[in-house]
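Chemist: Sequence and predicted model, in that order:
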Amino acid sequence: MLKLYYSPGACAVASHIGLEEAGADYVIEKIDLRAGQQRTPEYLAINPAGVTPALQTPKGVLTQNTAILAYVAQTHPHAQLADLNDPFEFARMQAFNGWLASSLHPAIGKALFSKPPLEGEAKDEAVRIALEKYDLAENHLLTGPWVMGEDHSLADGYLLVFTRWARQAGLLDKARFPKLNAHLDLVQSRPAVQRVLHAEGITAV
């Protein structure tokens, strides 16, 4: 059985959604980031980086959403959460997920979750940079209705993480980001996603 270590509403939601969409045999364990549980010796023995997600598999621990999602897709091919028959299409999904991890996540994370919180011009500049990333997704990367076009994939639950954060912060303007707003609503309507949100004690936005 797989075991996912997660923090409610954090980026590990992507891996949680992936497991649920795949119909995987898994359990979850909450890591309370605010309480500093990610820095305890017990969790650091699982993931020395002290972050979530971490997925315990029969062969060991995987970290990073991009790796976990690829693992889920390849170990649950019947769920058809990625195009495993076309190396280019699989790589295209991986490229999008890599962009989320390396570009969008750091940008919106800095704007919303810096410690101490950003203020004044520093906050405005961080938000501006983050919104430019959302512009890129809106105008070029999200082909619609799903990230990969006509087919739902594991990239959709990953994008939800960041559009959800932006909407919660009042940054996902419907006039500026109509496609991203429509995508978020579409993904949140999926039964598997609703089960994940309920399991984590969070709600659709």
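Modeler: Yes, it's here.
Chemist: drop to CA atoms for contacts and neighbour counts, all remaining ones
Modeler: Noted.
Chemist: Give me the neighbour count for residue 58.
Modeler: When counting by other CA atoms under 10 Å, one arrives at 9 neighbours for residue 58.
Chemist: ok, the closest residue to residue 22 other than its chain neighbours - contacts?
Modeler: Of all residues beyond its chain neighbours, the one nearest residue 22 is residue 79 (5.2 Å), with distances taken as CA to CA, 6 or more residues apart in numbering. Contact criterion CA atoms under 8 Å, 6 or more residues apart in numbering gives 21, 22, 23, 73 as the residues in contact with residue 79.
Chemist: Of those, which is the nearest to residue 157?
Modeler: Nearest to residue 157 among the contacts of residue 79 is residue 21, at 9.3 Å by CA to CA.
Chemist: Residue 192 is in contact with that closest one, correct?
Modeler: Yes. With contact defined as CA atoms under 8 Å, residue 21 counts as touching residue 192 (5.6 Å).
Chemist: Looking at the two, which one has more neighbours?
Modeler: Ranked by neighbour count (other CA under 10 Å), residue 21 and residue 192 place residue 21 first, with 24 against 19.
Chemist: Assumed that one was part of a helix.
Modeler: Yes. Assessed with DSSP: H, G, I helix; E, B strand; the rest coil, residue 21 lies in a helix.
Chemist: before we move on, the earlier item: among the contacts of residue 79, which pair sits farthest apart?
Modeler: 23 and 73 (11.0 Å).
Chemist: These two - which one has more neighbours?
Modeler: residue 73 (23 against 14).
Chemist: domain parsing for this structure?
Modeler: Here the domain parsing of the chain from the TED database is 1-78+191-198, 85-189.
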